[in-house]
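Peer 1: Sequence unavailable; structure follows:
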């Protein structure tokens with residue numbers, strides 16, 4: 001993919017929200033966040049992908065209290081056409097299959113993401 005920027009999308013970023021109720025081990029947490037980041041990126045339109053890559057791939061990792069919060073955020077994001085990907089674990093290591101670990105949002109316009117996630121704390 002050509003990473004050359006163009007004039008379209010100002011201020012894009014990505015937000016990953018972790019299901020903090022799970023208290024995941026660091027390695028598992030890192031893997032789940034990576035799944036969310038890559039999968040949400042693939043959900044975005046190509047011009048936004050290019051802008052985000054050209055801008056250094058800005059992202060932030062936040063925490064949510066539980067799975068219900070992630071599901072609610074995913075629904076809100078979908079209603080606003082914000083790229084979203086909910087990660088459900090494969091169940092091969094420390095979690096049961098289907099456990100929702102995190103949600104990737106964007107890349108998308110910062111203001112839209114901040115409106116959805118502004119009440120969450122940094123991980």
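Peer 2: All right, it came through fine. Bear in mind the structure is a predicted one, so any value in this text is a computation, not a measurement.

Peer 1: for the most centrally placed residue in the chain, helix, strand, or coil?
Peer 2: Nearest to the geometric centre of the chain sits residue 104, at 1.7 Å (CA atoms, centre = their mean). Under DSSP: H, G, I helix; E, B strand; the rest coil, residue 104 falls in the strand class.

Peer 1: so it makes contact with residue 34?
Peer 2: No - taking contacts as CB atoms under 8 Å, residue 104 lies outside contact range of residue 34: 9.6 Å. For glycine as for every other residue, the C-beta is placed from the backbone atoms N, C-alpha and C.

Peer 1: Check for me that residue 57 belongs to a strand.
Peer 2: No - Residue 57: not assigned to a strand; according to three-state DSSP it is coil.

Peer 1: which stretches of the protein have low pLDDT?
Peer 2: 1-10 (pLDDT under 70).

Peer 1: can you pull out the strands in it?
Peer 2: Remark: strands assigned in the chain by DSSP state E are 12-19, 59-64, 84-88, 100-109, 121-122.

Peer 1: Would you mind confirming that residue 110 is in contact with residue 11?
Peer 2: Yes - counting by CB under 8 Å, residue 110 does reach residue 11; the two are 4.2 Å apart.

Peer 1: who are the neighbours in contact with residue 41?
Peer 2: Neighbour list for residue 41: 14, 49, 52, 83, 104, 107 [criterion: CB atoms under 8 Å, 6 or more residues apart in numbering].

Peer 1: tilt between the longest helix along the chain and strand 100-109?
Peer 2: Using DSSP state H, we find that the single longest helix of the chain is helix 26-43. Angle, helix 26-43 to strand 100-109, by axes from the mean of the first three to the mean of the last three CA atoms, to 10 degrees: 40 degrees.

Peer 1: Centre of the chain to helix 26-43, how far?
Peer 2: Distance of helix 26-43 from its chain centroid, counting by CA atoms, centre = their mean, to the nearest Å, is 8 Å.
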